[in-house]
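> How does the following fold in three dimensions:
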Amino acid sequence: MNKKNYSNMLLRRRFCKRVILMVTAFAISFYVSVLLFGGLKGPQVMQLTDLNRCPACYGVTVCPELYSNQITLEYSHWSNMFNAKNIFYGYTKSNRRVVLKKLAHDWELSEFDTKICKTFNLKYNCKPIELLNASNVDDKVLKTVEYNITWPDTEPRKGLVLCPYAYSLYELLQPIINNRKGNYKSEMLNIWTILNINPEPIILQVIPKSKGWPVPPYGGVCGRLEVVGYEGEPLSTLHHVAWHRKLKYAQKILEAAMDFTFKHDRFRFYLMDWSLDNIVANEKDEITFIDLEDLVILDKHISPKKDLPDWYKRYSRDYMGSGFTFSIENMCKHHLSDHNLWAACYILAGDETPLLYPIPKEINSSRPHFDRLLSACLNGDDRFRTISKLQHVIEEMLTDKQVLGFGIR
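Residues are numbered from 1 along each chain as shown. So this is what the prediction gives:
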């Protein structure tokens, strides 16, 4: 055998070995997926719920629907194998698309589990069911909120920030507590878990879509899985659409900023994670805020104590450098902040990829004040007044046939 033939043979062997290794790796990952998620037709939704962690879970309100296959998961082998965000998609029997969220990364849930027993002064390897024997659940719920408003520097905040006083939690939870149907202690443990992991299931019940809030419809929870309605595509993927449609999104974003600040009778909801990734739009150009994990809820009806000398003053965001920056402490010390208004203008005009920029030349020529208003919203002193003017200008533009005719992309 000459050297050339021998070299070719070695190359073929190496190639075959690589192919075999790739096929083997794929087969192993595929069958691991089958074992984990149960069945070749798609993952079994109940395998995602972690019901064995209850009552240290979110609740069981939607479990009957999941048990009876009222929701079918979309199946994508690789997305289910390597789903770092723990977000899944599915359909109801009526063909309504839904989103199923574990509300945390696997490592966050594991970290939470390691602290449960110590938190309730139970033995090191306690089982979640033993939490039902704990006698201080209400106290633990309140302490979770108290910790988040003490400006902690030992461990970062996790979950709900409710201020200025933690006792407002009982008023916030009233709609949920009034609708409870099960064991009180078990449901308070569910609330404690939600407050420590991700408050979204609580928020979606306090400000429901059914009452006009721009949030997803809440389907319920089962174990450590939340079910909400699918409401559209993220605005971050819609930069290619015609500019007049972006203007519609902007109009609704500004309306949402005002609603989160003023609409609720008792509370203000300051969103901390304003991003085009976290706002979706449907085919009707309606928008929805889909990530409600990070927010500050302020009780505007408290009786301020001596620790709040500036409570009745309006807090306007100070210049804190470039980027999306804010002061939770200042928000919580004043009865009203313009945070939501500034944040809305930031994603419209100040972000790295602002929704409304570049503004079409025709608009800059015919309405040069529009760009100035956006700039004033970002950097001016009276954002409440500026927002009102912006809303008026946008409303007028959306009735202008020339603007609506723009196919600018």
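> all strands of the chain, in order?
For the chain, the strands defined by DSSP state E occupy 71-73, 87-92, 97-101, 161-163, 218-222, 225-229, 233-234, 267-271, 279-281, 287-289, 295-299, 314-315, 336-337.
> Can you give me the buried ones in stretch 97-114?
Using 16 or more other CB atoms under 10 Å as the test for burial, stretch 97-114 gives 98-104, 109, 112. Yep, even glycine has a C-beta here, placed from its N, CA and C like the rest.
> picking that back up, would you mind saying which of the strands of the chain lies nearest residue 187?
Minimum separation from residue 187 across the strands of the chain (CB to CB) falls at strand 218-222, 11.2 Å.
> Direction included, what does that closest one pair against?
Each strand paired with strand 218-222, and its direction, by DSSP bridges: strand 225-229 (antiparallel).
> still on that earlier bit, among the buried residues of stretch 97-114, which one sits closest to residue 299?
residue 103 (24.3 Å).
> Can you give me the pLDDT of the closest residue to that closest one other than its chain neighbours?
Once flanking residues are discounted, residue 103 sits nearest to residue 198: 3.8 Å by CB to CB, 6 or more residues apart in numbering. Residue 198 carries a pLDDT value of 95.
> before we move on, what about residue 15?
In this model, residue 15 carries a pLDDT of 47.
> now swap in residue 379 and tell me
Residue 379 is assigned a pLDDT of 89 by the prediction.
> distance of it from residue 256?
From residue 379 over to residue 256 the distance is 21 Å, taken as CB to CB, to the nearest Å.
> Ok, residue 207 next?
From residue 207 to residue 256 the distance is 11 Å (CB to CB).
> just residue 237 next, same as before
Noted for residue 237: a distance of 19 Å to residue 256, by CB to CB.
> In terms of neighbours, single out the busier of these two.
Between residue 237 and residue 256, residue 256 has the larger neighbour count (other CB atoms under 10 Å), namely 22 against 12.
> and the closest residue to the more buried one other than its chain neighbours, what does it touch?
Among residues not flanking residue 256 along the chain, residue 214 sits closest, at 4.7 Å (CB to CB, 6+ apart). Listed by CB atoms under 8 Å, 6 or more residues apart in numbering, the contact set of residue 214 reads 252, 255-256, 259, 286-289.
> In this protein, where is pLDDT below threshold?
1-43, 76-84, 151-159, 319-324, 405-409 (pLDDT under 70).
> Taking the centroid of it, which residue is nearest it?
Of all residues in the chain, the one closest to the mean position by CA atoms, centre = their mean is residue 291, 1.3 Å from it.
> next one: phi and psi at the spatially closest residue to that one that is not a sequence neighbour?
The shortest distance from residue 291 to any non-neighbouring residue, by CB to CB, 6+ apart, is to residue 278 (4.1 Å). Phi and psi for residue 278, reported as degrees, to the nearest 10, are phi -100, psi 10.
> Tell me how many other residues crowd residue 278.
Neighbours of residue 278 using other CB under 10 Å come to 19.
> again with the one 3 residues further on
Residue 281: 22 surrounding residues under other CB under 10 Å.
> Could I get the contacting residues of it?
Shown in contact with residue 281 (CB under 8 Å, 6+ apart): 232-233, 235, 238, 249, 287-288.
> buried subset of those?
Using 16+ other CB under 10 Å as the threshold, 232, 235, 238, 249, 287-288 are the buried ones among these.
> can you pull the contacts of the residue nearest to residue 291?
By CB under 8 Å, 6+ apart, the neighbours of residue 278 are 234, 289-291.
> same deal with residue 192?
137, 140-141, 144.
> same deal with residue 91?
For residue 91, the contact set (CB under 8 Å, 6+ apart) comprises 71-72, 74, 97-98.
> Tell me which of the strands of the chain sits nearest to residue 343.
Residue 343 lies closest to strand 267-271 among the strands of the chain, at 6.7 Å (CB to CB).
> Note down every partner strand of that closest one and its orientation.
With DSSP bridges as the test, strand 267-271 is paired with strand 295-299 (antiparallel).
> Please tabulate the strands of the chain in TSV, including the columns distance to residue 63.
Formatted as TSV, the strands of the chain follow (distance: least, CB to CB, whole Å):
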stretch	distance to residue 63
strand 71-73	11
strand 87-92	15
strand 97-101	13
strand 161-163	28
strand 218-222	4
strand 225-229	9
strand 233-234	29
strand 267-271	29
strand 279-281	27
strand 287-289	25
strand 295-299	27
strand 314-315	43
strand 336-337	39
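> Residue 121: which of those strands is closest?
Closest of these to residue 121 is strand 161-163, at 24.9 Å (criterion: CB to CB).
> Identify all contacting residues around the closest one.
Here strand 161-163 makes contact (CB under 8 Å, 6+ apart) with 145, 148-149, 168-169, 172, 295-299, 328, 331-332.
> Pick out whichever of the residues you listed sits closest to residue 47.
When those are compared against residue 47 (criterion: CB to CB), the nearest one is residue 295, at 30.5 Å.
> For the residue lying closest to residue 354 once chain neighbours are set aside, give me its contacts.
Excluding the flanking residues, the one nearest residue 354 by CB to CB, 6+ apart is residue 348, at 5.9 Å. Contact analysis of residue 348 by CB under 8 Å, 6+ apart lists 250, 253-254, 354-356, 374.
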